[in-house]
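Asker: need coordinates for the following:
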Amino acid sequence: MCDLSSMRFEDWRQQVQQAALRSTAAEEELCVMGTRLKVLRVFKDLHKTRRHVFKDDDGALTAARLKINEEFKKNKNETSEENIKEMLKTARAVETILRENVIQGEHVEENKILLRPRQSLLLDNVPYSDTPRNKT
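Answerer: As a prediction, this is how the structure comes out:
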């Protein structure tokens, strides 16, 4: 703690500026750490989804793991905040597509595939109506 009565104005101004610089650096570090945590969260979510979607399919599990790891390693040294946000958005979209749209199939006989839908893919069966209904 400094004694303000004995401090010159210039010294005080310098200390305020240094404190502001330290604060800005700390905020930037928090922003970077926040981005790092987001990247790690997406990475973890992709692997979790991969394990769930490709359960019992060793070939697909390995291929997906290698692709996820390859893409993250390729962009490991990216520093542009805009590029990182765009890549995070793409990774989230990929994770959503895997989770909501991919279904595993297994060849059981020639021209026959056994589909293994996950519970999250099962939807209510709504009958299709070819003719439009009149609103009353």
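Asker: for Ala91, which non-adjacent residue is spatially closest?
Answerer: Spatial nearest neighbour of Ala91, excluding adjacent residues (CB to CB, 6 or more residues apart in numbering): Val42 at 4.5 Å. No exception for glycine: its C-beta is placed from N, CA and C like everyone else's.
Asker: how about the secondary structure of that neighbour?
Answerer: Under DSSP: H, G, I helix; E, B strand; the rest coil, Val42 falls in the helix class.
Asker: same question for Ile113.
Answerer: State at Ile113, reduced to three classes by three-state DSSP: strand.
Asker: for Glu71, see how far away Val102 is.
Answerer: Computed with CB to CB, to the nearest Å, the distance linking Val102 and Glu71 is 17 Å.
Asker: kindly apply the preceding question to Lys55 instead.
Answerer: Separation of Lys55 from Glu71 (CB to CB): 22 Å.
Asker: who has more neighbours out of these two?
Answerer: Comparing Lys55 with Glu71 by other CB atoms under 10 Å, the one with more neighbours is Glu71, at 16 against 12.
Asker: without its sequence neighbours, what residue ends up closest to the more buried one?
Answerer: Closest to Glu71 by CB to CB, 6+ apart is Ala91, at 8.0 Å.
Asker: residue contacts, that neighbour?
Answerer: Going by CB atoms under 8 Å, 6 or more residues apart in numbering, Ala91 touches Val42, Phe43, Leu46, Glu71.
Asker: now swap in Glu106 and tell me
Answerer: Each residue near Glu106 by CB under 8 Å, 6+ apart is listed here: Ile113, Leu114, Arg116.
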